[in-house]
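Colleague: Kindly return the folded structure for what I paste below:
(chains A and B)
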Amino acid sequence: MAQKEIEIILMRQLASYLSVPIFVVDPEGTLLFYNEPAEALLGVQFDEAGEMPMSEWATIFKPTDDQGRPLPPDSLPLVTTLKTVAPARGALWITGLDGVPRRLDVVSFPLVGQGHRVLGAAAILWDINSK
Amino acid sequence: MKVTLWGTRGSLPSAGPETVRYGGNTSCVEVRGEDGTLIVLDAGTGIRRLSHAVEPDVRRIHILLSHLHMDHIQGFGFFEPLHRSDAEVHVWGPPSTTHDLRTRLTKYLSPPLFPIRLRDLPCRLFLHDVPMGGFTVESLGVHCALVCHPGPTVGYRITQGSAAMVYLPDHEPALGARSFPLPADWTSGADLARDADLLIHDSQYTDAEYAQRPGWGHSAVRHAVAFAGVVRARRLVTFHHDPGHSDDVLDALVDKIRRGSPLPFEFIPGQEGMTFEVTTR
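Modeller: Here you go, the predicted structure:
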């Protein structure tokens, strides 16, 4: 497997030390990493989940709006960031693989490295109800 | 390819009787292609002595800078070919996000820090922001990638045919890792160094020193050894020795590694003046 870009490696290392839930994807949206605080929200350890394509993570956690209507992948902040290479924000519900629904405030931002290389995006998953 | 170490010390020149064997000059490595193509890796103080090994009929020289910390550019102005009107010198190095190589380099190579300006050098001087990925320098292939060290820093992989030498003088792949080594795909510099016939790698610290200086951009000797294992290098040359480490201290670090588990590669403590032939396996 090819080595990740250095900025992505450093993003993972930083995230692994933060108490804020962080979710990192590559430019195609493939999930590369989420940290332990994110594991608590998603209901599954990253080591168990592993890398997965956007089509999978965008549905597996059953994102919905406040009325319970399913959200298509294109409306998720992280997907918006990948398309626009700009920050995005949105509130949504997910159901973790532990079966627990949680309301999240999601803030995503692009990862643009040296030489303006677009390397992916990261999202902060803020658990609204527990804060 | 023939590779010669002209400066193996990190951070600060450290001349003195206690460093005569490993050397006190800062980073500089000469790479000669089979056809005479000359690449100079970094312009630390070791580059001054390299000047005398450059034959007068060598007209074109390429200096590849890993980054612009002082110990890697301090000798630049003392490289004699820069003062030859018949010489063509190409300098390659990383830009920052806002400044090109020329702007960054002239912060040092201009008054009051240095008496001569780049534009006043007699040689024909060309400055290049080093491109990420691959390019060629005459008969030699060069691959370049950003690596883990404070500020824009690149490592180089230089190839001739299937033979490869890799230069990672300032590199902290263990930064933030809860245990090291990590899998290769999550290790800084791994693609660059994979299957290298000769790996020159940062080995600045003891374990105890590293514990006090995480994030300073350097490796403990143990990290360099682990990294060489991850990338399946054939030979590891330790490099960028701490200025506070005497020959005796470095000998003791080497002994400690050699007393440990057998290594799947040749472990070579880097000393000024060493030469290596890098040939196709």
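Colleague: Secondary structure class of the residue of chain A found nearest chain B, three-state.
Modeller: Per CB to the nearest CB, A:Gln13 is where chain A lies closest to chain B, at 2.9 Å. Bear in mind the C-beta positions are built from the backbone N, C-alpha and C, glycine included. At A:Gln13 the chain is in helix, as set by DSSP: H, G, I helix; E, B strand; the rest coil.
Colleague: who's in contact with it?
Modeller: Shown in contact with A:Gln13 (CB atoms under 8 Å, 6 or more residues apart in numbering or on different chains): B:175-177.
Colleague: From B:Phe180, how far out is it?
Modeller: Relative to B:Phe180, A:Gln13 is positioned 11 Å away (CB to CB, to the nearest Å).
Colleague: next one: A:Met52
Modeller: Distance of A:Met52 to B:Phe180, computed by CB to CB: 26 Å.
Colleague: Now A:Leu119, what are its backbone angles?
Modeller: A:Leu119 has phi and psi values of phi -110, psi -10 when expressed as degrees, to the nearest 10.
Colleague: Might you name the residue of the stretch 101-250 of chain B sitting closest to chain A?
Modeller: Residue nearest to chain A within the stretch 101-250 of chain B: B:Gly176 (2.9 Å; CB to the nearest CB).
Colleague: so how many other residues sit close to that residue?
Modeller: By the other CB atoms under 10 Å in any protein chain shown criterion, the neighbourhood of B:Gly176 contains 19 residues.
Colleague: Which stretches in chain B count as strands?
Modeller: In chain B, the strands defined using DSSP state E lie at B:2-7, B:28-32, B:38-41, B:60-64, B:88-93, B:124-129, B:133-137, B:140-146, B:154-160, B:163-168, B:198-202, B:235-239, B:266-269, B:275-277.
Colleague: need the contact list for the residue nearest the centre of chain B.
Modeller: Centroid-nearest residue in chain B: B:Pro169, 4.1 Å away (criterion: CA atoms, centre = their mean). Counting by CB under 8 Å, 6+ apart, B:Pro169 touches B:10, B:27, B:41-42, B:66, B:72, B:200-202, B:239-240.
Colleague: Could you do B:Phe135 as well?
Modeller: Contacts of B:Phe135 (CB under 8 Å, 6+ apart): B:142, B:144.
Colleague: Now do it against A:Leu41, distance only.
Modeller: Distance of B:Phe135 to A:Leu41, computed by CB to CB: 44 Å.
Colleague: B:Pro17 now?
Modeller: 61 Å.
Colleague: neighbour-wise, which of those two wins?
Modeller: Each of B:Pro17 and A:Leu41 has its neighbours counted (other CB under 10 Å); A:Leu41 has more, 21 against 7.
Colleague: does the residue positioned nearest the centre of chain A count as helix, strand or coil?
Modeller: With distances taken as CA atoms, centre = their mean, the residue of chain A nearest its centroid is A:Phe23 (3.4 Å). On the three-state scheme (three-state DSSP), A:Phe23 is labelled strand.
Colleague: need the contact list for it.
Modeller: Applying CB under 8 Å, 6+ apart to A:Phe23 gives the contacts A:31, A:33-34, A:38, A:78, A:122-123, A:125.
Colleague: coming back round to it: turn the contacts of B:Pro169 into a markdown table, columns for neighbour count, distance to chain A and pLDDT.
Modeller: Output for these, formatted as a markdown table (neighbours: other CB atoms under 10 Å in any protein chain shown; distance: CB to the nearest CB, whole Å; pLDDT from 0 to 100):
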| residue | neighbour count | distance to chain A | pLDDT |
| --- | --- | --- | --- |
| B:Gly10 | 26 | 20 | 97 |
| B:Ser27 | 33 | 20 | 98 |
| B:Leu41 | 27 | 19 | 98 |
| B:Asp42 | 30 | 19 | 98 |
| B:Ser66 | 25 | 14 | 98 |
| B:His72 | 27 | 18 | 98 |
| B:Ile200 | 31 | 19 | 98 |
| B:His201 | 30 | 16 | 98 |
| B:Asp202 | 29 | 15 | 98 |
| B:Phe239 | 28 | 20 | 98 |
| B:His240 | 31 | 18 | 98 |
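Colleague: farthest pair in these?
Modeller: Greatest spacing in the contacts of B:Pro169, by CB to CB: B:His72 and B:His201 (15.1 Å).
Colleague: got the residues of the stretch 1-150 of chain B near chain A?
Modeller: Contact residues (CB under 8 Å from any CB of the partner chain) of the stretch 1-150 of chain B with chain A: B:94-95, B:97, B:132, B:145-148.
Colleague: Give me the buried subset of those.
Modeller: Buried members of the residues of the stretch 1-150 of chain B next to chain A, scored by 16 or more other CB atoms under 10 Å in any protein chain shown, are B:94-95, B:132, B:145-148.
Colleague: Just the ones of the residues you listed in helices?
Modeller: Secondary structure assignment by DSSP state H places none of those in helices.
Colleague: With pLDDT as extra columns, can I get these in CSV?
Modeller: Conversion of these to CSV gives the following (pLDDT from 0 to 100):
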residue, pLDDT
B:Pro94, 92
B:Pro95, 86
B:Met132, 88
B:Ala145, 96
B:Leu146, 95
B:Val147, 96
B:Cys148, 96
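Colleague: Before I go, just wanted to say thanks for your time.
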